[in-house]
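Participant: Predicted model follows, preceded by the sequence.
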Amino acid sequence: MKTPMNTRSLRAGLPSRHFPQHHTVQASVQAPVQAEVHHHVKKPVRVMKFGGTSVGDASCIARVVEIIRAASRESQVVVVVSAMSGVTNQLVAAATQSEQGQHASVTTIFSSIRERHEKAIGALIHSAAERGRIDSKMKRLLEDGERFCQGTSMLRELTLRSRDAISGLGERLSAPLVAAALAERGVASEAIEATELVVTDSCHGGAEPLMDQTGERCEARLRPLLDQNIIPVVTGFIGATEEGVLTTLGRGGSDYSATIVGAALQADEVIIWTDVDGLQTSDPRLVDGGCTIPELSYREASELAYFGAKVLHPKTLRAVMQCGIPLWIRNTFTPERPGTRITPAGQPGAGAVKAVTAIHDVVLINIGGPGMVGVQDVLGRTLRTTATVRADVLLISQSSSQNDLCLVIPSALAKSTVEALHHEFAHELAHEHEKEEHITVDPTVAIIAVVGQHMRGVAGAVGRACSALDRENVSIVAIAQGSTECTFSLVVPKGDMKAALVSIHREFQLGDTASRSVAEPVTPYPCYQTLPDNTHTEQGK
């Protein structure tokens, strides 16, 4: 008898067409030649993350339960959940208003959140005892949140630590609800707060995981549950320091939570379930005729996320990139569709340009002028200064003289960055008597990013993009190319952003599926059939 292969070995040894959506494992072990090793083939581990719209109300959660039940027949499943759509925004608003002493508004917000969750409990949980247990837990959590707000109101100061404690309540409310809904449908489950699992640094509002400690905790806490066929339902977005202080991973960080847990467990794949069919060739709100991209590399997906593709949090891929774990983006409301698959190498032989995206909430900072002539290491000092205020530099361009440069950063960090730069170059500019400002800010720009494979080797791609913009009379403020093979970026006036996206999308025929290479059709999970339309209740984020 042959030694049975583990799931990774089996996947590595077969072409992708023999492993459609991973249900081939189940099919192969049912074949007569594999019957004698059936009990030795370990189920693959899948981490499945469900976003805010996916758990937006009772009918949405019921749909999520069916997706999880189906997956659990052939996989060991870890579930990561976001807060109900809109709840985190409400909690942040409550925190902000408590700092301003607006007690009535804070009370109204918490009443609204309580009512929404109570309604979901009533629709999903039939056992009176279980309803009472979940309701008591949620009541305690909301009372904790209100106490934090009261403390903030008394001090008239919203600390980052308090903001994290308040804004992280949404996930702590949704995880027990989803776990209870699974149990109601006969699926053994346990709600787990990520503060038990994800160990982070102490950077409140944007904490980073400490992966060694996180891996140890995930193995110790989650693996025994998986081995007992119990589905852990983990809170996304939050973690805790080594001392146990709650932190958050940044807005949209539930996706990041899923890949952190996936990497910690060495999962076979991570699936981000959301309310769109996958990553698109461009933002469908701005560009008509786009389509879902079947497969992308880690690098391509990272560039799309970094430059404005809202489907994927920019940090999401960090954890899985080091492990080579595939990541899927799929639609909770159309689970029969394959979505987008993200892998280390992407789709072999696919066309160079895959997508065009944009980010508009940015500013262009210019540093230069006569006062900067002869100043040493302007670039290095500028980058070190932006790092001190944790400003992401999205694009940078420098003159050949090395004394003039421009950089693009998020708008939210413009004020602190400019102040830090003035301080850094204060000595050099102290004797300047000219009226010219040497550090200026332009908030009227947007970045257009053209993303694809092996862009350095594609002759004429930049020229075609520039020509397309020229035909639409869109001026180019700055351009960056060559730092990566996956993208080149153009800075354009913010008012021309949509025209720029449409013209480049059309130039490269990104929505024309007949003229570009697409991935092989992916067979959906056999158990993910189209669910009744009446269970789809779309919620705003």
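Facilitator: Okay, I see it.
Participant: What residues of stretch 199-207 count as buried?
Facilitator: Val199, Thr200, His204, Gly205, Gly206, Ala207 (16 or more other Cβ atoms under 10 Å). All C-beta spots, glycine's among them, are computed from the backbone N, C-alpha and C.
Participant: Can you give the distance from stretch 362-381 to the centre of its chain?
Facilitator: 33 Å (Cα atoms, centre = their mean, to the nearest Å).
Participant: Beyond the helix or strand containing Leu304, next helix or strand please.
Facilitator: Element membership of Leu304, judged by DSSP states H and E, is helix 298-306. On the C-terminal side of helix 298-306, the closest following helix or strand by DSSP H and E is helix 316-321.
Participant: Is Ala267 in contact with Gly324, as I believe?
Facilitator: No. Applying Cβ atoms under 8 Å as the test, Ala267 and Gly324 come out as separate, 11.2 Å apart.
Participant: For the host helix or strand of Arg46, what does the pLDDT average out to?
Facilitator: Assigned by DSSP H and E, Arg46 belongs to strand 45-50. For strand 45-50, mean pLDDT is 98.
Participant: Now do the strands in the stretch 401-541 of the chain.
Facilitator: 405-410, 439-442, 445-452, 478-481, 487-493 (DSSP state E, counting those that start in this stretch).
Participant: and Asp288, which of those is closest to it?
Facilitator: strand 445-452 (17.2 Å; Cβ to Cβ).
Participant: pLDDT of the closest one, averaged?
Facilitator: 94.
Participant: CA atoms only for it, dumped as CSV, please.
Facilitator: C-alpha atoms of strand 445-452 as CSV (Å, rounded to 0.1, in the frame of the first residue of the first chain):
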residue,chain,number,x,y,z
VAL,A,445,-4.4,65.0,-7.0
ALA,A,446,-5.1,61.3,-7.4
ILE,A,447,-2.9,58.3,-8.1
ILE,A,448,-3.8,55.9,-11.0
ALA,A,449,-2.0,52.5,-10.8
VAL,A,450,-1.8,50.2,-13.7
VAL,A,451,-1.2,46.6,-12.4
GLY,A,452,-0.1,43.4,-14.1
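Participant: Buried by neighbour count: which residues of it qualify?
Facilitator: Val445, Ala446, Ile447, Ile448, Ala449, Val450, Val451, Gly452.
Participant: Max pairwise distance over those: which two?
Facilitator: So, the buried residues of strand 445-452 by Cβ to Cβ: farthest apart are Val445 and Gly452, at 23.1 Å.
Participant: ok, the closest residue to Pro326 other than its chain neighbours - contacts?
Facilitator: Once flanking residues are discounted, Pro326 sits nearest to Glu269: 4.7 Å by Cβ to Cβ, 6 or more residues apart in numbering. With Cβ atoms under 8 Å, 6 or more residues apart in numbering as the criterion, the residues that contact Glu269 are His22, Pro44, Arg46, Val47, Gly262, Ile325, Pro326, Leu327, Trp328.
Participant: Tell me the buried residues within those residues.
Facilitator: Looks like the contacts of Glu269 have His22, Pro44, Arg46, Val47, Gly262, Ile325, Pro326, Leu327, Trp328 buried, using 16+ other Cβ under 10 Å.
Participant: sorry, back to before: so which residues make contact with the helix holding Leu304?
Facilitator: Helix 298-306 is contacted from outside by 279, 296, 311-314, 316-317, 320-321, 327, 340, 342-344, 346, 354-355, 357, 394, 449, 451-453, 484-487, using Cβ under 8 Å, 6+ apart.
Participant: thinking His126 is in contact with Glu184, fair?
Facilitator: Yes. Counting by Cβ under 8 Å, His126 touches Glu184, with 6.6 Å between them.
Participant: Quick one: neighbours of the closest residue to Glu196 other than its chain neighbours, just the number.
Facilitator: Distances taken as Cβ to Cβ, 6+ apart put Arg221 closest to Glu196, at 5.9 Å, once the chain neighbours are dropped. If you count neighbours by other Cβ atoms under 10 Å, Arg221 ends up with 15.
Participant: what's the answer for the one 4 residues further on, then?
Facilitator: Counted with other Cβ under 10 Å, the burial measure for Leu225 works out to 17 neighbours.
Participant: next one: the one 5 residues further on
Facilitator: Burial of Ile230, expressed as a neighbour count using other Cβ under 10 Å, amounts to 18.
Participant: Nearest spatial neighbour of it, chain-adjacent residues omitted?
Facilitator: That would be Ala188: by Cβ to Cβ, 6+ apart, it lies 4.5 Å from Ile230.
Participant: List the contacts of the one you found.
Facilitator: Leu182, Gln228, Asn229, Ile230, Ile231.
Participant: which two from the residues you listed end up farthest apart in space?
Facilitator: Leu182 and Gln228 (14.5 Å).
Participant: Who is Ile271 paired with across the strands?
Facilitator: Met48, Trp328 (DSSP bridges).
Participant: Would you quantify the distance from it to Ile238?
Facilitator: 21 Å (Cβ to Cβ, to the nearest Å).
Participant: more neighbours, these two?
Facilitator: Neighbours of Ile271 and Ile238, each counted by other Cβ under 10 Å, are more numerous for Ile238; the result is 28 against 23.
Participant: burial of the residue nearest to that one when sequence neighbours are not counted, as a residue count?
Facilitator: The shortest distance from Ile238 to any non-neighbouring residue, by Cβ to Cβ, 6+ apart, is to Gly168 (4.2 Å). Using other Cβ under 10 Å, Gly168 is surrounded by 27 other residues.
Participant: pLDDT value on Gly168, please?
Facilitator: 97.
Participant: what sits against it?
Facilitator: Taking Cβ under 8 Å, 6+ apart, one finds Thr235, Phe237, Ile238, Leu246, Thr248 in contact with Gly168.
Participant: Any figure for the gap between Leu177 and Val234?
Facilitator: 13 Å.
Participant: again, but for Gly252
Facilitator: For Gly252, the distance to Val234 - Cβ to Cβ - is 16 Å.
Participant: cool, Ile61 as well?
Facilitator: Ile61 is 16 Å from Val234, by Cβ to Cβ.
Participant: And for Ser189?
Facilitator: 11 Å.
Participant: again, but for Gly132
Facilitator: Taken as Cβ to Cβ, the span from Gly132 to Val234 is 24 Å.
Participant: okay, these two: which has more neighbours?
Facilitator: Neighbours were counted for Gly132 and for Val234 using other Cβ under 10 Å; Val234 has more, 31 against 12.
Participant: show me the contacts for that one.
Facilitator: If you count contacts by Cβ under 8 Å, 6+ apart, then Val234 has Val78, Val79, Val80, Val81, Ala175, Ile192, Glu193, Ala194, Leu197, Leu222, Ser257, Val261 around it.
Participant: which of these sit farthest apart?
Facilitator: The widest separation within the contacts of Val234 (Cβ to Cβ) is 14.7 Å, between Val81 and Leu222.
Participant: Who has more neighbours out of the two?
Facilitator: Between Val81 and Leu222, Val81 has the larger neighbour count (other Cβ under 10 Å), namely 33 against 24.
Participant: so that one touches Val178, yeah?
Facilitator: Yes. Here Val81 reaches Val178: they are 5.4 Å apart, a contact under Cβ under 8 Å.
Participant: Check what pLDDT the nearest residue to Leu327 once chain neighbours are set aside gets.
Facilitator: Excluding the flanking residues, the one nearest Leu327 by Cβ to Cβ, 6+ apart is Ile342, at 4.3 Å. Ile342 carries a pLDDT value of 95.
Participant: Make sure Ile342 is indeed in a strand.
Facilitator: Yes. Read with DSSP: H, G, I helix; E, B strand; the rest coil, Ile342 is one of the residues of a strand.
Participant: For the remainder of this discussion, apply numbering that starts at 462.
Facilitator: I'll keep to 462 as the first residue from here, and by that count the last item is Ile803.
Participant: what about the residue nearest to Glu968 when sequence neighbours are not counted, neighbour count?
Facilitator: Among residues not flanking Glu968 along the chain, Ala929 sits closest, at 4.0 Å (Cβ to Cβ, 6+ apart). By other Cβ under 10 Å, 20 other residues sit near Ala929.
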